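Peer 1: below is the sequence, then the predicted model.
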Amino acid sequence: MTKFFGYSKVLQAENLCGFKLKRRKKWRKEILKEVHMNLLSLNLTETIEKFKKINLPSYRAKQVFAWARKFTDFDNMSDLPKDLRARLKEHFTSILLASEKELVSKDGTVKYLFKLNDNNLIETVLLKQSYGNTLCISTQVGCRMGCVFCQSGANGLIRNLTAGEIHAQAVAVNALNGGNLENRKITNIVLMGIGEPLDNFDNTVKFLRLIGEESGLNISMRNITVSTCGLKDKIIELADLNFQCNLALSLHSPFDKIRKQIMPIANKYTVLELTESLKYYFEKTKRRVLIEYALIDNLNNRQEDAEELKNLLKDLCCHINLINLNENKNLKGVSDEKALEFLTILQNLGLSVTMRKKSGSDIEGACGQLKSKFVKDSDAIGRDSK
């Protein structure tokens, strides 16, 4: 393995993926290949440099760069000579994932189950709205944050996605909906799928740079939202990059005691520490922060919760997004009447707040549900066939 790829490449890939590859024998070869050779992990300058190293002209690099962002494999890059396509296959990969299953909701929401080159599964959701199409993207296979209301981390973290794999979700969905580089079918991106984006910091940051590249999909930072459960140090690090992306914090309670019951990260960072990091983010970027708040019956929807929210957020430029909790065996959501009641209390306290529109509730809407059901059904089919 190390003889084929080179020991330095093994170390580099381990660093990008977040742990030692020898512990993941089944997929380490594909990840090593992707880290160094995949076209969607490279910006245009890097693509040209790679082509120069194998004695290919820059105009070919620009052609291939554009083809890769159309979700096209080498065999279908029709304006390239066959011998060049064969040569490219020896040095690069262009396709990182395949659509395993698609579910379409009555409201137009589309949920994609993508299979990666190592057979791991991730979910991506396209939300079709009057003001444009928003794509909800995954950043990890699994998650190690352990939030009790989130199904995507039920089996822990398997591995980080590379920047190319995060990028590939946007490229694939754009193409699958008839889009191209001149006529995008995606206008907004939210990193709210499977995984904690700031726990995969380097790859998330590289993705943000790739997706906004003028010669690529060219999605503005201001149309991208990064969601986090509250990694304070990484929030500060992201602020220091002075990107113009939006930041969303999954708060869910203004009380540390309650937050610790549902979010293990609360044992490391207090709500006051998080609030200070959000203030710093706003000071650096001038971007209003979004506070995500999933309503849990008799836990965080009381009058005292509303009043403490006001005290906590009074000096922060933010907007609260109330969320109807998806069906969950661990926690109970609230009725529409209770949700409206809590919304009204917050509004009367002078807070900026709205209720998030529920989308795709009829197609395994909660993050991680489709993947879990697919794996469970596949296992059942496998047992029945024996």
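Peer 2: Good, I have the coordinates.
Peer 1: and residue 266, what does it touch?
Peer 2: 230, 256, 259, 260 (C-beta atoms under 8 Å, 6 or more residues apart in numbering). From N, CA and C alone the C-beta is placed, and that goes for glycine too.
Peer 1: name the nearest residue to it, sequence neighbours excluded.
Peer 2: Excluding its sequence neighbours, the residue lying closest to residue 266 (C-beta to C-beta, 6 or more residues apart in numbering) is residue 259, at 3.9 Å.
Peer 1: and that neighbour, what element?
Peer 2: In this structure, residue 259 sits in helix 256-262 according to DSSP states H and E.
Peer 1: now do residue 165
Peer 2: Judged by DSSP H and E, residue 165 forms part of helix 163-176.
Peer 1: what does that helix contact?
Peer 2: 34, 38-42, 68-72, 95-97, 99, 112, 114, 116, 122, 124, 126, 135, 137-139, 180, 184-186, 189, 191, 202-204, 206-207, 210-211, 217, 219.
Peer 1: mean confidence (pLDDT) on it, please.
Peer 2: Here helix 163-176 scores 97 as its mean pLDDT.
Peer 1: would you mark the buried spots in that helix?
Peer 2: 163, 164, 165, 166, 167, 168, 169, 170, 171, 172, 173, 174 (16 or more other C-beta atoms under 10 Å).
Peer 1: will you turn these into CSV that also has distance to residue 234?
Peer 2: As requested, the buried residues of helix 163-176 are exported to CSV (distance: C-beta to C-beta, whole Å):
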residue, distance to residue 234
163, 16
164, 21
165, 20
166, 16
167, 20
168, 23
169, 21
170, 22
171, 26
172, 27
173, 26
174, 28
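Peer 1: which one among those residues gets closest to residue 50?
Peer 2: Proximity of the buried residues of helix 163-176 to residue 50 (C-beta to C-beta) peaks at residue 164, which lies at 13.1 Å.
Peer 1: now the closest one. Nearest residue, chain neighbours left out?
Peer 2: residue 41 is the one closest to residue 164 (C-beta to C-beta, 6+ apart), at 3.4 Å.
Peer 1: what do you get for residue 254?
Peer 2: Counting by C-beta to C-beta, 6+ apart, residue 254 lies nearest to residue 308, which is 4.0 Å off, once chain neighbours are set aside.
Peer 1: pLDDT wise, what is that neighbour at?
Peer 2: So, for residue 308, pLDDT stands at 98.
Peer 1: with the one 3 residues further on instead?
Peer 2: The pLDDT attached to residue 311 in the predicted structure is 98.
Peer 1: what's the following helix or strand after whichever strand or helix holds it?
Peer 2: Per DSSP H and E: residue 311 is located in helix 303-313. For helix 303-313, the following helix or strand on the C-terminal side (DSSP H and E) is strand 318-324.
Peer 1: next one: the helix holding residue 165 to chain centre, how far?
Peer 2: Put simply, helix 163-176 sits 11 Å off its chain's centre (C-alpha atoms, centre = their mean, to the nearest Å).
Peer 1: got it, and stretch 85-100?
Peer 2: On C-alpha atoms, centre = their mean, the centre of stretch 85-100 falls 22 Å from the chain's centre.
Peer 1: which residues does that stretch contact?
Peer 2: 33-34, 37-40, 50, 54, 56, 64, 67-68, 71-75, 77, 80, 112-117, 121-122, 164-165, 168-169, 172, 176, 374.
Peer 1: can you check stretch 319-336 too?
Peer 2: 148-149, 151, 248, 262, 288-299, 301, 309, 313, 339, 342-343, 346, 351-356, 358, 361, 365-366, 369.
Peer 1: out of the residues you listed, name the ones that lie in helices.
Peer 2: 262, 309, 313, 339, 342, 343, 346, 369 (DSSP state H).
Peer 1: for those residues, which one is nearest residue 107?
Peer 2: Residue 107 has its nearest neighbour among those in residue 369, at 16.5 Å by C-beta to C-beta.
Peer 1: just the pLDDT for the closest one.
Peer 2: 61.
Peer 1: and for residue 351?
Peer 2: In this prediction, residue 351 carries a pLDDT score of 98.
Peer 1: run through the residues that contact it.
Peer 2: With contacts taken as C-beta under 8 Å, 6+ apart, residue 351 has the following neighbours: 309, 310, 313, 320.
Peer 1: equivalent analysis for residue 60, please.
Peer 2: Contacts of residue 60 by C-beta under 8 Å, 6+ apart are 51, 80, 84.
Peer 1: and those residues, which is closest to residue 130?
Peer 2: Lowest distance from residue 130 to the contacts of residue 60 (C-beta to C-beta) belongs to residue 80, with 39.8 Å.
Peer 1: count of neighbours near the closest one?
Peer 2: Burial of residue 80 is recorded as 18 neighbouring residues (other C-beta atoms under 10 Å).
Peer 1: excluding its backbone neighbours, what's nearest it?
Peer 2: Closest residue to residue 80 apart from its sequence neighbours, by C-beta to C-beta, 6+ apart: residue 63 at 6.6 Å.
Peer 1: follow-up on the earlier one: which among the contacts of stretch 319-336 count as buried?
Peer 2: Neighbour counting with 16+ other C-beta under 10 Å marks 149, 151, 248, 262, 289-296, 299, 301, 309, 313, 339, 342-343, 346, 351, 353, 355, 365-366, 369 as buried within those.
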